[in-house]
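Undergrad: just to be clear, the model below is a prediction. Sequence and coordinates:
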Amino acid sequence: MLTIDSHLAESFLDAISSLKHLKHLTISHQKVSTTSTLQLLRICLLHPTLSELQCSFNLEEVPDDDKISGVGHGNGNQSGEDQGIDEETYTAHMSELTGFGAQLTDISREALQARTTHSGADPTTVKIKTLMLPSVAEGYPSSFLLPLLMSKVLDLERFHIPRLDELYQPELESVIRTYCKGLRHLTCPGYVDFSEGGEGNDIETTVAVIRACADQGLITFQGRYFLHERTVDALVQYHSSTLVEIESPKCHLVQSSLQQGILSTREQLTRFWVVSSEGGQAALQFRDILSSSWTCLGMRELCLTLGRGMSLESGVDGTFRALTAGSKEAQAMSREFLAEAAEAVYGQIGQLTQLEVLSLGCDMSEEAAVDSVEFEWDLTLTNGYLMQFRRLKRLRHLELRTDFWSRMGQREVEWMYETWPKLEQVTFMRTSTDKENPNEFVRYLPHWVWLQAKRPDLQISELLV
């Protein structure tokens with residue numbers, strides 16, 4: 001593993017060079033020096049067979065004994081003083097990146113020769129197709145990133161958009177449009193800077209790259225920690241006919257209405273996967289689900305965090321319910337009305353007859369002010385809406401990220417056995433705050449044991465998160 005220790009770094013780099021048939025390389029670590037990172041990148045560009053490089057670590061521009069907290073974020077017009085590090089260290093770090101950028105023409109020439117010699121064929125068949133650069137808090141300079149993207153060793157299909165140290169989105173957009181014509185899978189930055197003077201820099205970068213890929217059309221998009229309205233608008237504007245997957249695996253923030261807008265307008269979607277982070281605000285509220293019908297009837301993989309948020313005027317299928325304004329009944333919303341709304345919500349999901357993977361959670365954020373107990377009955381036959389899923393004949397994997405299971409019993413598992421013939425995996429995602437003892441496994445309850453016996457190949461698992 002690459003470390004600040006130069007001897008360990010050298011040994012690791014030598015090992016990479018010796019793997020003559022290496023195709024995919026993923027490196028996970030905390031922090032790696034600028035010098036070691038650039039050595040790694042050079043070796044990977046020169047490697048004759050490597051086609052995928054993913055660097056899941058932070059580039060460390062400050063020596064261990066000189067670290068100062070408060071490193072700033074790329075807002076354009078940065079200086080060492082603004083960063084919280086001394087100007088000399090910051091300048092040296094940026095100089096290394098710029099210097100590497102100046103060498104890329106020669107590196108590309110040498111790399112293409114090495115790949116041609118190794119393959120004995122057209123070197124374009126072994127160019128780097130997937131690239132994720134290390135995270136840099138203050139961002140990459142144009143003098144590094146633009147020459148890298150113009151390099152003839154790259155033929156990108158998948159790209160993790162890095163943070164920029166300055167506002168050069170127009171130049172980046174032009175380079176990607178010209179040199180990355182095969183780019184069809186994007187992951188946007190895992191952070192957003194909304195500080196004064198830097199508001200939306202990362203969003204501007206993401207939108208610029210989305211526009212740059214308009215000719216070929218994106219197939220997948222991942223917003224690691226957020227889905228911003230402007231990025232979704234750009235996806236819809238430029239990639240409405242090609243985009244089939246949208247994902248945010250650790251979502252801190254996404255508007256409920258934005259999710260509903262995607263599900264009700266993007267007919268070609270086959271995967272929509274939004275997992276709310278702890279304390280995140282990523283729930284799809286009942287009131288929005290009821291506002292319009294979903295059109296993504298070919299959906300195969302769906303992950304949602306449901307919220308019981310309702311407005312007094314909300315109604316089923318976009319209609320309005322006449323409630324007496326100001327009455328206690330209207331303010332609290334009758335149990336009958338909420339039940340009717342829940343039935344319609346689960347009915348929307350049940351219309352997605354091509355679903356193979358379904359993951360459901362509930363909104364546990366402070367803003368929701370609800371407990372998972374409100375969802376316990378939802379996937380039962382007696383007082384819930386499990387019957388709404390009767391058309392999901394292709395379902396292979398059911399993942400429950402909230403306690404939807406404690407009220408389930410023999411009737412429910414028998415129904416699953418008879419109704420979902422392709423079911424091969426059930427996953428319970430549990431936390432130590434569950435009201436049950438976390439050491440008591442749900443899968444050992446009699447009804448789940450019965451289902452396991454009836455379908456021996458079924459995997460029933462539970463994870464503490």
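TA: Structure received.
Undergrad: C-alpha only now, for contacts and for neighbours.
TA: Fine.
Undergrad: what number of residues lie near Arg455?
TA: By the measure other C-alpha atoms under 10 Å, the count of residues near Arg455 is 14.
Undergrad: oh sorry, the question was meant for Leu398
TA: Neighbour count for Leu398, taken as other C-alpha under 10 Å: 18.
Undergrad: that one pairs with what?
TA: On the basis of DSSP bridges, Leu398 is bridged to Leu358, Val426.
Undergrad: measure it to Gln459 for me?
TA: Taking C-alpha to C-alpha, to the nearest Å as the measure, Leu398 falls 11 Å from Gln459.
Undergrad: helix or strand right after the worst-scoring helix or strand of the chain on mean pLDDT?
TA: Scoring the helices and strands of the chain by mean pLDDT, DSSP states H and E places helix 80-83 at the bottom, with a mean of 38. Per DSSP states H and E, the first helix or strand lying C-terminal to helix 80-83 is helix 87-119.
Undergrad: what about stretch 298-307, average pLDDT?
TA: On average, the pLDDT along stretch 298-307 is 96.
Undergrad: what of stretch 452-459?
TA: 96.
Undergrad: so how far is that stretch from its chain's centroid?
TA: Relative to its chain's centre, stretch 452-459 lies at 31 Å (C-alpha atoms, centre = their mean, to the nearest Å).
Undergrad: in contact with the nearest residue to Leu386 once chain neighbours are set aside, which residues are there?
TA: Distances taken as C-alpha to C-alpha, 6 or more residues apart in numbering place Leu379 nearest to Leu386, at 4.5 Å, with adjacent residues excluded. By C-alpha atoms under 8 Å, 6 or more residues apart in numbering, the contact set of Leu379 is Tyr385, Leu386, Phe404, Trp405, Met408.
Undergrad: closest to Gln354 out of these?
TA: Among the contacts of Leu379, Leu386 lies closest to Gln354 (C-alpha to C-alpha), at 17.0 Å.
Undergrad: and what about Ser461, helix, strand or coil?
TA: Following DSSP: H, G, I helix; E, B strand; the rest coil, the label given to Ser461 is strand.
Undergrad: ok, now which ones touch it?
TA: Contacts of Ser461 by C-alpha under 8 Å, 6+ apart are Gln425, Val426, Thr427, Phe428, Arg443.
Undergrad: any idea what it is bridged to?
TA: The partner residues for Ser461, given DSSP bridges, come to Thr427.
Undergrad: so Val345 versus Leu392, what's the distance?
TA: From Val345 to Leu392 the distance is 15 Å (C-alpha to C-alpha).
Undergrad: likewise for Phe144?
TA: Phe144 is 50 Å from Leu392, by C-alpha to C-alpha.
Undergrad: just the helices in the stretch 301-450 of the chain please.
TA: Using DSSP state H, counting those that start in this stretch, the helices found in the stretch 301-450 of the chain span residues 328-332, 335-350, 410-419, 446-454.
Undergrad: for the stretch 151-300 of the chain, same thing?
TA: Using DSSP H, counting those that start in this stretch, helices in the stretch 151-300 of the chain cover 169-179, 201-212, 229-239, 256-263, 286-289.
Undergrad: hmm, who's touching the fourth one?
TA: What it means is helix 256-263. So helix 256-263 is contacted by Glu229, Ala282, Ala283, Leu284, Gln285, Asp288, Ile289, Trp294, Thr295, Cys296 (C-alpha under 8 Å, 6+ apart).
Undergrad: how about Thr295, what does it touch?
TA: Per C-alpha under 8 Å, 6+ apart, neighbours of Thr295: Leu263, Ser264, Thr265, Arg266, Glu267.
Undergrad: distance to Leu360 and neighbour count added to those residues, as CSV?
TA: Formatted as CSV, those follow (distance: C-alpha to C-alpha, whole Å; neighbours: other C-alpha atoms under 10 Å):
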residue, distance to Leu360, neighbour count
Leu263, 16, 21
Ser264, 19, 17
Thr265, 21, 16
Arg266, 20, 18
Glu267, 21, 18
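Undergrad: looking at these, which is nearest Val449?
TA: Leu263 (36.0 Å).
Undergrad: gap between the closest one and Ser257?
TA: 10 Å.
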